[in-house]
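**Q** Got a predicted model here, sequence first, then my questions.
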Amino acid sequence: MEYKEIRFEQDIETYLLSPAGGYQKGDMKKYDKDKALDMGTLITYVKATQPKEWDRFERMTVSDIEKKFYKAINDAITNFGLIHVLRHGFKYRGIDFRVAYFKPESELNMRLWDLYRENTLHVTRQFRYSNDNNNSVDMVLSLNGIPIVALELKNQLTGQSIDNSRNQYMYDRNPKELVFQFNRRILVYFGVDLYNVVMTTRLDGKKTYFLPFDQGSAGAGANGGKGNPMNAEGYATSYLWERVLQKDSLLDIIQKFIHLQVKEVKVVKDGKEKTEKKKTLIFPRYHQLDVVRKLIADVRENGSGSNYLIQHSAGSGKSNSIAWTAYRLASLHDDDNRSIFASVIVVTDRKVLDSQLQDTISSFEHQSGLVETIGNNKTSKDLRDAINDGKRIIVTTLQKFPVIYQEIDDNNGRNFAILVDEAHSSQTGQSAMKLKTALADTQEALREYAEIEGKLESEILDGEDRLIQEIITHGRHRNLSFFAFTATPKEKTLEMFGTEALDGTFHPFHVYSMRQAIEEGFILDVLKNYMTYRTCFRIAKKTPDNPEVPVSLAAKTVKRFESLHPHNLQQKTAIIIEHFRSITKDKIGGRAKAMVVTASRLHAVRYYHEFKNYLERMNYDDVDILVAFSGVVKDGEAEYTESGMNRSKDGTPVNEKQLPEVFHDDFNMLIVAEKYQTGFDEPLLHSMFVDKRLNGVKAVQTLSRLNRIHPGKNDTFILDFVNTNEDIQKAFEPFYEETSLGEEIDVDKIYLSKEKLREYKLYNDADIEKFVKINFKPGNQTAVDLGKMTSLLKPIVDRYNDLNTNDRYMFRRNIRSFNKWYTYITQITRMFDIPLHKEFTFTSYLARLIPPTETEKLNLDEKLKLEFYKLEETFKGDITLNPTEDHLHHVIGGTKEKEDDKRDLLGEIINKINLLFEGKFNESDRVIVETLYNKIMKEENNLEKQAKHNDSEIFEKSIFPKTFDKAAQDSYMESMTHYTEEMKSFTRLFEDKAFYNSVMQVIAKEAYKNLRTRT
């Protein structure tokens, strides 16, 4: 049995030279090393496919024909790049030359098919490329004489692997050789062994960056990790030459996939920052090539009307996959050579159009006017016009559809492909319903309803035109195909877009899992370095009163008191900043950044101020902070906004739009409250400090902000004050591999939800009929219609207001649940239930008019004190994710009783909370703030006078420290006299300067506030 590398090489060549492979054997004698071309083959191709152009060229040039033709094509490649010349050809003095022809989209022009078949692909073994040495590439593939693919083959049986391929490309191939120059000749370089494949599109010496080009351990699009499955019919890596490099496949990739990406990047040269254009040649990774081709094949076979869920992890190149899919769908024809889709609409549910997605799709455009982007500078009317005009690819946000859904032209006979970026809960809401209403061809649904009613279609529409038109937009439609891309599909997403198996479970159409992305090195495992802290505390009343208070509200208020307590924020601030300085700051060549995730906007503001104070006390100048939150935050009498708090290095305000760039360029820590936890792509983000409860998809999305790869970024770090390692493991595991749904929703539960609403006896069938008679009346809305409708609802709102607090709360929950679930159900099925739809229309308006239950305000700050406090480390290490066979399951909105009407004594509530959060305390952990505060306030020390005649900064920094130091010294001496456990706390006060300053600051603030208000 021959087993050496030459046999491996020969076996690949054998396939490529077969009729299935489509290649011819190359001849090194014809290859011109100086020109890096086989000029004979290229000219023969041009003469055969463009005889008139060649005759004109010969008449024009007379002498040195080959030399001048080489100069013309080489100049074009130098100026525009090889991929551009392959696709579009080049001009020479008014003559249009093509160096390749690609497969036509239809069979309307058979001449184009003949030109396509003229393409000649050569496979050349031991390709000796240089006049300076005798080095050779194991195998090179050429198109019409132009080398475009290189393969270095290795064989584990002879002790080598793809690692040797990498080294060969990096150290033995000179990137200055013309054949290896970026986008001038060879476009992609593969390293191949018996089990794995890697690739790169740019040789750059030791900085050459390789990507895995494997299928995945379970095969492409299936649930698994890195690597390739066993191939019972041959090599594990044979997919490369059989499915990728095969003639038709490679020409397809050159025509429709390879993409030159141009980005502006900031670089530092000679100490100065400059902006440069960085060019990257994007060759599709295997899972991207596979998903696009499988989607197109399925649509070609089954036509319009199917839904597809693509579960591709972060780091999968989702924007490119969406763009490739959009372009392929836009040019797809059926067997009768007709376009399958009138338009391809790419939808994102973010209110601001994703700039990366928008830029990616627009930059792919090979034909002017093919893409219409409805960006932030355009209106819903622009979207309406683009759809009505039949623009081939339209990129928009979901929120624009409710404005224009009634203004779209008749969709009879028009199919639409809708590509959904990050398919989540918004796809089950009202905006998504309006999208379907705008685009659905309802003729089939109308026929179905007419058959049920035993009437003619014209009779159906005569009576209740608008009502029926709404009903028939429900469910799925043959003219709409949805392609939903997400890394973290929820239950509803799986049922709406997933593929139903024979056992009733729902699965994605294609999977590139988080596990595979991590194992292949496309993203980092953010759970590798995880640390959790437990906050232990004891709250006490500092008042003899023990009032009855609402249980739920009081519990939240007490816990909020602890979480916002200055001592809590000070302790966590110290931990965060010291961890940042010791772990994060020097990572990624000193460029690493961190994010602090807080529980509320007020927490973010308080943390920001605490960070600033701590940095000032410690004289640290290497931590630069920004804060991100929406709206205005009131803290006492002060008001804060994001732009008002953030200042750039030169002191100018930083607005919301500027923040990501300013953070990337000049700052290294970002404090956030419900912002930048999804869709924020900052590769330098290394660490995250979490002080907020995170569950399910939210946990995955938030922590995944760290997973982006970057040169020099080898790990990440998370410190979590709130969630346990078990919490995080539970959140991540459903999305580690394939996510599936155990069963479809029980649609009939909507009737149970409806009956729960009727139990309150606020309205009846007659109320609904009066209301919908106006709402669905024929003709245009008059000046009194809305007034009539709201007047009909007024008595119902009055009856609602007469309910007790708990019933009002429960009714609001039930009406929201009913409306939400009806909206979702009618997206997946067509029920033709007229009374139910009338009820939904009625309750949709009613829900907007019933006032929310007034929340009882409860301020306990003056009644509580933090008696004990301790932060203890509870976990440090790797949170290991395990593959799970469990399915997700639908959870229909519950109707749990509201607890706010239940009341208990404040002391009892505090005791229950303390039981949950109290750790193993001893006296050394006692918070000494109260002791020192009481001592200072009781003594005659002239502080009251000083507080009333000075501002807070002078008081806290110049006056108070002397008083505090004396009180601290006296307390320490007293504790030594009695030699109690309390001495340990005071000992720490003088041993830990940061702790000393922290305690002094919180007492100073409290003393200043109270002394100024003394009478």
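**A** Received it, and whenever you're ready, just let me know what you need. Since the structure is predicted, the reported quantities are computational estimates derived from the model, not experimental observations. Numbers count the residues shown, from 1 in each chain.

**Q** Could you report the neighbour count for residue 335?
**A** 9 (other Cβ atoms under 10 Å). Just so you know, the C-beta spots here come from the backbone N, C-alpha and C atoms, and that holds for glycine as well.

**Q** and if you look at residue 773?
**A** When neighbours are counted by other Cβ under 10 Å, residue 773 registers 14.

**Q** Ok, residue 125 next?
**A** In terms of burial, residue 125 registers 19 neighbours under the definition other Cβ under 10 Å.

**Q** Return the backbone torsion pair for it.
**A** Per-residue torsions, residue 125: phi -90, psi 150 (degrees, to the nearest 10).

**Q** and it, how far is that from residue 954?
**A** Relative to residue 954, residue 125 is positioned 84 Å away (Cβ to Cβ, to the nearest Å).

**Q** Repeat that for residue 284.
**A** If you measure residue 284 against residue 954 using Cβ to Cβ, the figure is 65 Å.

**Q** neighbour-wise, which of those two wins?
**A** Neighbour comparison, residue 284 and residue 954: the larger count goes to residue 284, with 22 against 12 (by other Cβ under 10 Å).

**Q** Now for that one: which residues touch it?
**A** 253, 257, 258, 292, 320, 324 (Cβ atoms under 8 Å, 6 or more residues apart in numbering).

**Q** Need the worst-confidence member of these.
**A** Looking at the contacts of residue 284, model confidence by pLDDT dips furthest at residue 320: 90.

**Q** quick one: least confident helix or strand in this protein?
**A** Every helix and strand of the chain was ranked by mean pLDDT, DSSP states H and E. The lowest is strand 903-905, at a mean of 53.

**Q** For residue 805, the count of nearby residues, please.
**A** Counted with other Cβ under 10 Å, residue 805 comes out at 14.

**Q** What score does it have for pLDDT?
**A** As summarised for this prediction, residue 805 has a pLDDT of 81.

**Q** so how far is residue 758 from it?
**A** Between residue 805 and residue 758 the distance is 21 Å, computed by Cβ to Cβ.

**Q** repeat for residue 620
**A** Applying Cβ to Cβ to residue 620 and residue 758 gives a distance of 63 Å.

**Q** Same check on residue 205?
**A** As for residue 205, its distance to residue 758 is 75 Å (criterion: Cβ to Cβ).

**Q** now do residue 338
**A** Taking Cβ to Cβ as the measure, residue 338 falls 50 Å from residue 758.

**Q** Same question for residue 961.
**A** The span separating residue 961 from residue 758 equals 68 Å under the rule Cβ to Cβ.

**Q** Just give me the neighbour total for residue 829.
**A** Residue crowding around residue 829 was assessed by other Cβ under 10 Å; the count is 14.

**Q** secondary structure class for the closest residue to it other than its chain neighbours?
**A** Across the structure, with Cβ to Cβ, 6 or more residues apart in numbering as the measure, the residue nearest residue 829 apart from its sequence neighbours is residue 475 (5.2 Å). In terms of secondary structure, residue 475 is coil; the call rests on DSSP: H, G, I helix; E, B strand; the rest coil.

**Q** Could you check how far residue 475 is from residue 836?
**A** Here the criterion is Cβ to Cβ. By it, residue 475 lies 14 Å from residue 836.

**Q** What of residue 35?
**A** Per Cβ to Cβ, residue 35 is found 74 Å from residue 836.

**Q** Can you give me the pLDDT of the spatially most central residue of the chain?
**A** If you average the C-alpha coordinates of the chain and look for the closest C-alpha using Cα atoms, centre = their mean, you land on residue 679, 4.2 Å from that point. The predicted local confidence for residue 679 comes out at a pLDDT of 74.

**Q** and if you look at residue 447?
**A** Per-residue confidence at residue 447 stands at 78 (pLDDT).

**Q** In three-state terms, how would it be classified?
**A** Taken by three-state DSSP, the conformation at residue 447 corresponds to helix.

**Q** ok, how many other residues are close to it?
**A** Around residue 447 sit 13 other residues, with neighbours defined as other Cβ under 10 Å.

**Q** Next: residue 769.
**A** Neighbours of residue 769 under the rule other Cβ under 10 Å: 12.

**Q** give the contact list for it.
**A** Residue 769 makes contacts with residue 838, as judged by Cβ under 8 Å, 6+ apart.

**Q** check which helix or strand covers it.
**A** Mapping residue 769 onto the secondary structure by DSSP states H and E places it in helix 765-775.

**Q** chain center to that helix, what's the gap?
**A** What separates the centre of helix 765-775 from the centre of its chain is 43 Å, taken as Cα atoms, centre = their mean, to the nearest Å.

**Q** do stretch 15-24 as well
**A** That offset, for stretch 15-24, works out to 42 Å (Cα atoms, centre = their mean).

**Q** Give me the helices and strands touching the top helix by length along the chain, please.
**A** Counting by DSSP state H, the longest helix found in the chain is helix 805-828. Under the contact definition 3 or more Cβ pairs under 8 Å, 6 or more residues apart in numbering; DSSP states H and E, helix 805-828 sits against helix 430-439, helix 491-497, helix 749-758, helix 785-801, helix 834-849.

**Q** any idea how far residue 821 lies from residue 746?
**A** Residue 821 sits at a distance of 11 Å from residue 746 (criterion: Cβ to Cβ).

**Q** Please identify which of the two sits among more neighbours.
**A** Comparing residue 821 with residue 746 by neighbour count (other Cβ under 10 Å), the higher total belongs to residue 821, at 22 against 11.

**Q** That one touches residue 750, doesn't it?
**A** Yes. Residue 821 lies in contact with residue 750 (Cβ atoms under 8 Å); the separation is 5.7 Å.

**Q** out of the helices and strands packed on helix 805-828, which comes closest to residue 106?
**A** Among the helices and strands packed on helix 805-828, helix 430-439 comes nearest to residue 106, with 24.3 Å by Cβ to Cβ.

**Q** how far out from the middle of the chain is the closest one?
**A** For helix 430-439, the separation from the chain centroid amounts to 23 Å (computed by Cα atoms, centre = their mean).
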